[in-house]
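Chemist: Structural data only, the sequence is not supplied:
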């Protein structure tokens, strides 16, 4: 396990955001969310990162770096900046690492590292069957058995992607803020679009959940004994979670927890 004095820098490169956190051995000392800009150079990102670390007095404290990326263009960039600016060779998440769960999907290599990490963090937290709902660039629901097997899940276009597509393809609809309208019944076009987006996505996850739970129980009869835990994460979770009762827990930084677990379970690997 990571000791109390050395610091672990966890970096999660997603399609919309780069999420970073510093783990001090007992808690997250700081975390940040930056916009993902694939064209940024290692020097640009290095300046961002070192200024954030310096602001919290952490620049010299980072002893390990662990990295997950679903944006290939930025993977090499961040590997380079870590070596150049932090003098650390990161542990890059891949399917062969020990994460405390088993990847039982049909094609394990196709599962994104963010999905693996979320599943690992959820199972580590609950130690029973669980479903992770990640509301980010894509809306993802991933299913883990009571024994820690990631069976697979559901991926659909995220709320932001859907909104952008609607405004691009419908000439008379203009961009609206992604906020909850006064009622499901939109009495004007803005509220009607907001209802379709916000309540539409609430209905999407609320409709999929019982179907996934039923399939999970068919694969894992023991899942019902402890109850199936549902945890929400992702950049849009705070927008939707207050308006549904399906979640047992909310953790916007769940992927960082997965990165911490990966670093602790693979102490001899680079990073």
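Modeler: Perfect, thanks for sending it. Everything numeric in this text was worked out from a predicted model, so none of it was measured.

Chemist: C-alpha from now on. contacts and neighbour counts both.
Modeler: Noted.

Chemist: and the residue nearest to residue 145 when sequence neighbours are not counted, what does it touch?
Modeler: Closest residue in space to residue 145, ignoring its immediate chain neighbours: residue 129 at 4.4 Å, by C-alpha to C-alpha, 6 or more residues apart in numbering. By C-alpha atoms under 8 Å, 6 or more residues apart in numbering, the contact set of residue 129 is 123, 143-148, 223, 226-229.

Chemist: Mind doing that once more with 7 Å?
Modeler: 144-146, 223, 228-229 (C-alpha atoms under 7 Å, 6 or more residues apart in numbering).

Chemist: what do you get for residue 136?
Modeler: 158, 234-236.

Chemist: low pLDDT regions in the stretch 1-150 of the chain?
Modeler: 1-5 (pLDDT under 70).

Chemist: any chance you could map the strands in it?
Modeler: Using DSSP state E, counting those that start in this stretch, the strands of the stretch 1-150 of the chain run over 7-13, 17-23, 28-35, 62-69, 91-92, 102-103, 130-135, 138-144, 149-157.

Chemist: right, so these: which one is the most enclosed?
Modeler: Comparing the strands of the stretch 1-150 of the chain by mean neighbour count (mean count of other C-alpha atoms under 10 Å), strand 130-135 ranks first with a mean of 27.

Chemist: I'd like to know which elements that one is packed against.
Modeler: helix 113-126, strand 138-144, strand 229-233 (3 or more C-alpha pairs under 7 Å, 6 or more residues apart in numbering; DSSP states H and E).

Chemist: Run the angle between it and strand 229-233 for me.
Modeler: 20 degrees (axes from the mean of the first three to the mean of the last three C-alpha atoms, to 10 degrees).

Chemist: What strands flank strand 130-135, and is each parallel or antiparallel?
Modeler: strand 138-144 (antiparallel), strand 229-233 (parallel) (DSSP bridges).

Chemist: neighbouring contacts of the first one?
Modeler: The contact list for strand 138-144 (C-alpha under 7 Å, 6+ apart) reads 119, 129-134, 150-158.

Chemist: closest to residue 96 among those?
Modeler: Distances from the contacts of strand 138-144 to residue 96 were compared by C-alpha to C-alpha; the smallest belongs to residue 150, at 13.9 Å.

Chemist: how about the contacts of residue 129 in JSON lines, adding distance to residue 35?
Modeler: Formatted as JSON lines, these follow (distance: C-alpha to C-alpha, whole Å):
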{"residue": "144", "distance to residue 35": "30"}
{"residue": "145", "distance to residue 35": "33"}
{"residue": "146", "distance to residue 35": "35"}
{"residue": "223", "distance to residue 35": "38"}
{"residue": "228", "distance to residue 35": "33"}
{"residue": "229", "distance to residue 35": "30"}
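
Chemist: Run through the helices of this structure in chain order.
Modeler: Along the chain, the stretches classed as helices by DSSP state H are 42-55, 72-85, 113-126, 159-169, 189-219, 223-226, 237-240, 254-265.

Chemist: Give me the contacts around the fourth one.
Modeler: Same thing as helix 159-169. So helix 159-169 is contacted by 137, 173-175, 197 (C-alpha under 7 Å, 6+ apart).

Chemist: from these, which would you call buried?
Modeler: 137, 197 (16 or more other C-alpha atoms under 10 Å).

Chemist: Out of the contacts of helix 159-169, which comes closest to residue 28?
Modeler: Taking C-alpha to C-alpha as the measure, residue 137 is the one of these closest to residue 28, at 24.2 Å.

Chemist: The closest one contacts residue 158, correct?
Modeler: Yes - with contact defined as C-alpha atoms under 7 Å, residue 137 reaches residue 158; the gap is 4.9 Å.
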